[in-house]
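J.: With the sequence up front, the predicted model follows.
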Amino acid sequence: MRILRMVPAGVLLLGLLLLPASLAKESDTSKHVPGLDVTKETINTTLKAMPADAKVLMEFYATWCPACRAFKPDYDKVAQFLASQPAGSNKVTALRLDCAVDPDVCGQYQVSAYPTMYSGTAADLAAVDVSKLTKFDFAKYSRNAAGAVKFVAESFKLDLKYVDTPAAESAPDAAPPRREATTNLASDMQVGSGCVPQCVLGFLRVLGSCGQAVRCL
């Protein structure tokens, strides 16, 4: 505590403000998954390459957001589950975009919290017609793969049900998985449901690291 008192308040605040941007750079080490991850340069071409009435589940997230990191394995499962469905009325394509990299795109889709998921047709998503999209309600659906699939099924009136397969137990002598330092650092900043403090996010517009003041859900 004595060390913190010796640090000027302005320097400490600046460090907190810059942390989300630094986390985005340091933690985003995974490669984009073809057919799942889109960017500012590829989102329009990807959507317009689909039939206009193609069903799409779109996630907007930020790499620095602890809630997004916690949800990522579930969204990966959702994408794999939807991709495994036979062609036909039940076919839905899952996409996602990193708002820490392309904040201007997320602003166009009126993203005010991370993660945000929309369901809609490829044509409506390409046209950025948010009024025609259905937004995932975290108060109504569970924050897991089953909840996301239920959201998709009800949005498009499909007969879909996701059943998670329990992960195999690790061997008794197996070493515990190594956690990245950036993940631990993000966890230290969690407040309530796992979010960066609101006082920090309120200044993100000034720094331009996210393009707008947003929050983790």
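T.: Received it, and whenever you're ready, just let me know what you need.

J.: quick one, helices of the protein?
T.: For the chain, the helices defined by DSSP state H occupy 2-6, 9-27, 43-48, 66-83, 103-108, 122-126, 145-156, 181-188, 198-201, 204-207.

J.: What residues of the fifth one count as buried?
T.: Which is helix 103-108. 103, 105-106 (16 or more other C-beta atoms under 10 Å). For every residue, glycine as well, the C-beta is placed using N, CA and C.

J.: Stretch 155-166 too?
T.: Under 16+ other C-beta under 10 Å, the buried positions of stretch 155-166 are 155-156, 158, 160, 162.

J.: Residue 158 versus residue 50, what's the distance?
T.: 17 Å (C-beta to C-beta, to the nearest Å).

J.: Could you dump the buried residues of helix 103-108 into JSON lines and include distance to residue 45 and pLDDT?
T.: Putting these into JSON lines (distance: C-beta to C-beta, whole Å; pLDDT from 0 to 100) gives the following:
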{"residue": "103", "distance to residue 45": "20", "pLDDT": "97"}
{"residue": "105", "distance to residue 45": "13", "pLDDT": "97"}
{"residue": "106", "distance to residue 45": "18", "pLDDT": "97"}
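
J.: Nearest to residue 87 among those residues?
T.: residue 105 (28.7 Å; C-beta to C-beta).

J.: Excluding covalently adjacent residues, which one is nearest to the closest one?
T.: Spatial nearest neighbour of residue 105, excluding adjacent residues (C-beta to C-beta, 6 or more residues apart in numbering): residue 40 at 5.1 Å.

J.: Now for that neighbour, how many residues are close by?
T.: Using other C-beta atoms under 10 Å, residue 40 is surrounded by 15 other residues.

J.: quick one: contacts for residue 51?
T.: residue 122 (C-beta atoms under 8 Å, 6 or more residues apart in numbering).

J.: Go again with 10 Å.
T.: 121-123 (C-beta atoms under 10 Å, 6 or more residues apart in numbering).

J.: Can you select the buried ones from the residues you listed in PyMOL?
T.: Burial among the contacts of residue 51 is assessed by 16+ other C-beta under 10 Å; the matching PyMOL selection reads:
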select buried, resi 121+122+123
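
J.: which one of the contacts of residue 51 is nearest residue 97?
T.: Using C-beta to C-beta, residue 122 is the member of these that lies nearest residue 97, at 14.4 Å.
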